[in-house]
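Asks: any chance you could fold what I've pasted below:
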Amino acid sequence: MNNWPEDIALSGQYVSLIPLSMEHLSDLQDAVKDGNLHLLWYTMIPNSDGMAAEIIRRLDLRSRGSMQPFAIIDKSSGHAVGMTTFMNIDATNKHVEIGSTWYAKSFQRSPVNTECKLLLMSHAFEKLGCIAIEFRTHVVNIQSRRAIERLGAKLDGILRNHMLMANGSLRDTAVYSVINSEWKTIKAHLHFQLNKKRD
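Replies: Purely as a prediction, here's the structure:
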């Protein structure tokens with residue numbers, strides 16, 4: 001089961017999600033400079049110099065079956081503008097987390113996040129047969145939490161003192177989920193959100 005999910009590319013109107021590789025390094029180094037995302041203390045986004053190591057880390061987790069990393073490709077330019085993953089993959093229980101996601105600042109609050117989540121969740125529920133999808137973020141990351149809530153995910157709870165951050169602080173982690181019985185309604189909602197952004 002180490003190859004579950006199998007490598008796949010997903011494509012929508014605004015973005016394509018393709019398997020992450022070192023070929024995306026230069027684009028991702030540029031993308032992370034857009035907004036100096038690595039300076040956000042409550043996230044774990046590498047700086048430009050650390051991007052190669054981050055790609056290698058994610059590919060190593062892929063080889064061990066615990067992560068499926070994607071480059072987020074802006075279809076209008078053909079450039080990678082961020083990364084996302086299926087992570088904490090549980091093939092036995094058909095459960096994945098969508099996480100380790102970041103976008104260049106100029107692509108935040110755009111249709112990109114909505115469409116990425118629509119593509120990933122559609123694949124997880126409709127092709128992989130997942131029974132639940134999880135989302136996690138730092139409890140103080142209000143922008144991320146609101147984005148997760150706009151997807152229709154429900155708060156399961158807070159994991160207190162869950163992680164040690166690079167600056168030595170402790171992270172309380174907000175855990176959200178969507179279960180398979182909710183997917184039809186949430187899918188309709190995500191399509192509605194995308195259609196509003198097209199108008």
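Asks: contacts only, for the closest residue to Gly35 other than its chain neighbours.
Replies: Excluding its sequence neighbours, the residue lying closest to Gly35 (Cβ to Cβ, 6 or more residues apart in numbering) is Lys105, at 2.6 Å. Glycine gets a C-beta too; all of them are placed from N, C-alpha and C. By Cβ atoms under 8 Å, 6 or more residues apart in numbering, the contact list for Lys105 reads 34-35, 37.
Asks: what stretches of this protein score poorly on pLDDT?
Replies: Within the chain, the stretches with pLDDT under 70 are 1-2, 197-199.
Asks: quick one on the thing from earlier: which among the contacts of Lys105 end up buried?
Replies: 35, 37 (16 or more other Cβ atoms under 10 Å).
Asks: which one of the contacts of Lys105 is nearest Ile55?
Replies: Distance to Ile55, by Cβ to Cβ, is smallest for Leu37 among the contacts of Lys105, at 15.5 Å.
Asks: show me where the chain has helices.
Replies: For the chain, the helices defined by DSSP state H cover 25-33, 51-63, 111-122, 142-150, 183-198.
Asks: closest to Thr173 out of those?
Replies: Closest among these, using Cβ to Cβ: helix 142-150, at 10.8 Å.
Asks: residue boundaries of the strands in this structure?
Replies: Shown for the chain, the strands assigned by DSSP state E span residues 10-11, 15-19, 67-74, 80-90, 95-103, 132-138, 154-164, 170-179.
Asks: in JSON lines: those, plus distance to Ile148 and mean neighbour count.
Replies: Shown next, in JSON lines, are the strands of the chain (distance: least, Cβ to Cβ, whole Å; neighbours: other Cβ atoms under 10 Å):
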{"stretch": "strand 10-11", "distance to Ile148": "19", "mean neighbour count": "15"}
{"stretch": "strand 15-19", "distance to Ile148": "18", "mean neighbour count": "21"}
{"stretch": "strand 67-74", "distance to Ile148": "17", "mean neighbour count": "24"}
{"stretch": "strand 80-90", "distance to Ile148": "13", "mean neighbour count": "23"}
{"stretch": "strand 95-103", "distance to Ile148": "9", "mean neighbour count": "21"}
{"stretch": "strand 132-138", "distance to Ile148": "5", "mean neighbour count": "22"}
{"stretch": "strand 154-164", "distance to Ile148": "9", "mean neighbour count": "12"}
{"stretch": "strand 170-179", "distance to Ile148": "5", "mean neighbour count": "18"}
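Asks: lovely, talk soon.
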